[in-house]
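K.L.:
Predicted structure and sequence below. I'll ask about it afterward.
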Amino acid sequence: MFKYLVTIHPLGLMYGSAGAFLSPENLVGRSGAKFPPEAATLSGLIFSANKVNQQFTQHDLSANLFVAGPFWAKVQDKQNFYIPIPWSKIIANKGVDEWQFNNGQWQLENQSEKLEPDYRWQTINSWGLAPKVLKSNKSVAANPWEYLPFLHPQINHPTLKYSQRCVQKSDGLFLENSVQIPEDVCLVYLSTYPLESGWYRFGGENHIVEIECEEIKNKKLLDLLNQPIQRTFALITPGIWGSNRLSYRYPHHENFPQTLEMLTDKAIPYRFRAKGNLGRGRYAVPPGSVYVLEASVNKSWWEWDTAWFPKEGYSLKQVGCGLCLPIEIKGVA
């Protein structure tokens, strides 16, 4: 099971990928913006750092390193970090609502007014609480970071004309889709192996971050991670299912119970590098997605069969694919 809490505090700005749709005609677009960095980024950093300090064998890491995220936390309370709110709970500034299962179909409790969620995150210690309670005790939050796209000169070759204090007419500017995180906020990831605290280059553009690593001491978190999944659960990390060529919404395996219903949003792009090679692009089920199964799994995510997860050099379970927690859905026995 996960043993360590790895927290990342940017020393300045971080990078927010703009995906493959950035072009000179769409310089300020964020159609493919992706932040925070996926757990695979931390996994790669742990492998790279271990090559230097040789604390563990690379074989042990390859077989036993599991990471999960991304999450975030207030610096003063890292153990009670924020995770995605299940899509079954709608928490807006002007009210709350909840999806329930009625005669095999989804139905809102409050059918008089349709709400759009204003909050996407809740603390891990508040998992399982009703929407009204979550809002009243201020256990929910919106994204704490802010996107700051800006143009600056290219750094790989001189572009500035010192006599005119301007850039060259063509290829003189470089767009960085940066992200600013408040000083009292840090990114959080879970890991089975520790990472020595210090300053590292992390994520796109190799921005400098301060990393701290501590043991997981939150009993509520450990209990949730060890709790068996029954018929209903919600993802707290992206779920990548299918083969190298196909992406599915749920595991297509004979031993995985049939998925009856889902509450989810549009798929998100997912891609990472393994051993210096760029993996095939996939689509992931976004965090917060809710599943209703035909039968109970009766195993915690940690005990799920690795055959249920895709492989790309190694099982994507090792980068926290589809990490989920049990939830209660009204109308589902």
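P.N.:
Happy to help now that I have it. Because the structure is a prediction, the values reported are computed rather than measured.

K.L.:
make it CA atoms for all contacts and neighbour counts henceforth
P.N.:
Noted.

K.L.:
so how far is Gly322 from the most centrally placed residue in the chain?
P.N.:
Among the residues of the chain, Pro70 comes closest to the average C-alpha position under CA atoms, centre = their mean, at 3.7 Å. Counting by CA to CA, to the nearest Å, the gap from Pro70 to Gly322 is 12 Å.

K.L.:
same thing with Leu187?
P.N.:
The spacing between Leu187 and Gly322, counted by CA to CA, is 19 Å.

K.L.:
of these two, who's got more company?
P.N.:
When neighbours are counted by other CA atoms under 10 Å, Leu187 and Gly322 differ, and Gly322 comes out ahead with 26 against 23.

K.L.:
Just want the phi and psi numbers for the more buried one.
P.N.:
Here is the backbone geometry of Gly322 (degrees, to the nearest 10): phi 60, psi 30.

K.L.:
mind listing what it touches?
P.N.:
235-240 (CA atoms under 8 Å, 6 or more residues apart in numbering).

K.L.:
Grab the nearest non-local neighbour of it.
P.N.:
With sequence-adjacent residues excluded and distances taken as CA to CA, 6 or more residues apart in numbering, Gly322 is closest to Gly239, at 3.9 Å.

K.L.:
what pairs with the one you found across the strands?
P.N.:
Beta bridges link Gly239 to Val285 when assigned by DSSP bridges.

K.L.:
thought it was touching Val285?
P.N.:
Yes. Between Gly239 and Val285 there is a contact under CA atoms under 8 Å: 4.8 Å.

K.L.:
any shared contact partners between these two?
P.N.:
When contacts are counted by CA under 8 Å, 6+ apart, the set common to Gly239 and Val285 consists of Arg249.

K.L.:
Between those two, which is the more surrounded one?
P.N.:
For the pair Gly239 and Val285, the greater number of neighbours falls to Gly239 (29 against 25), based on other CA under 10 Å.

K.L.:
Report the separation between the more buried one and Cys324.
P.N.:
Separation of Gly239 from Cys324 (CA to CA) stands at 9 Å.

K.L.:
Pull the number of nearby residues for Arg245.
P.N.:
When counting by other CA under 10 Å, one arrives at 8 neighbours for Arg245.

K.L.:
Now do the phi/psi pair for it.
P.N.:
The phi/psi pair for Arg245 (degrees, to the nearest 10) is phi -110, psi -20.

K.L.:
now do Glu303
P.N.:
Note on Glu303: backbone dihedrals following degrees, to the nearest 10 are phi -90, psi 0.

K.L.:
Likewise for Ala307?
P.N.:
Comment: the main-chain dihedrals of Ala307 come out as phi -70, psi -20, following degrees, to the nearest 10.

K.L.:
still on that earlier bit, anything in contact with each of Pro70 and Gly322?
P.N.:
Common contacts of Pro70 and Gly322, defined by CA under 8 Å, 6+ apart, comprise Thr237.

K.L.:
All the strands of the stretch 151-300 of the chain, in order from the start?
P.N.:
Assigned by DSSP state E, counting those that start in this stretch, the strands in the stretch 151-300 of the chain fall at 160-161, 166-167, 173-180, 185-191, 198-202, 207-215, 232-235, 259-263, 268-270, 273-274, 277-278, 282-284, 290-293.

K.L.:
Which positions within the helix or strand containing Trp106 qualify as buried?
P.N.:
Applying DSSP states H and E as the criterion places Trp106 in strand 105-108. Burial within strand 105-108, assessed by neighbour count using 16 or more other CA atoms under 10 Å, is assigned to Leu108.

K.L.:
and the next element down the chain from that strand?
P.N.:
Tracing the chain C-terminally past strand 105-108 and defining elements by DSSP H and E, one meets strand 121-123 next.

K.L.:
Would you mind pulling up the elements that that next one packs against?
P.N.:
Strand 121-123 makes packing contacts with strand 82-84, strand 140-141 when contacts are defined by 3 or more CA pairs under 8 Å, 6 or more residues apart in numbering; DSSP states H and E.

K.L.:
how deep is Ile91 tucked in, by neighbour count?
P.N.:
25.

K.L.:
Find the nearest non-adjacent residue to it, please.
P.N.:
Across the structure, with CA to CA, 6+ apart as the measure, the residue nearest Ile91 apart from its sequence neighbours is Pro117 (5.1 Å).
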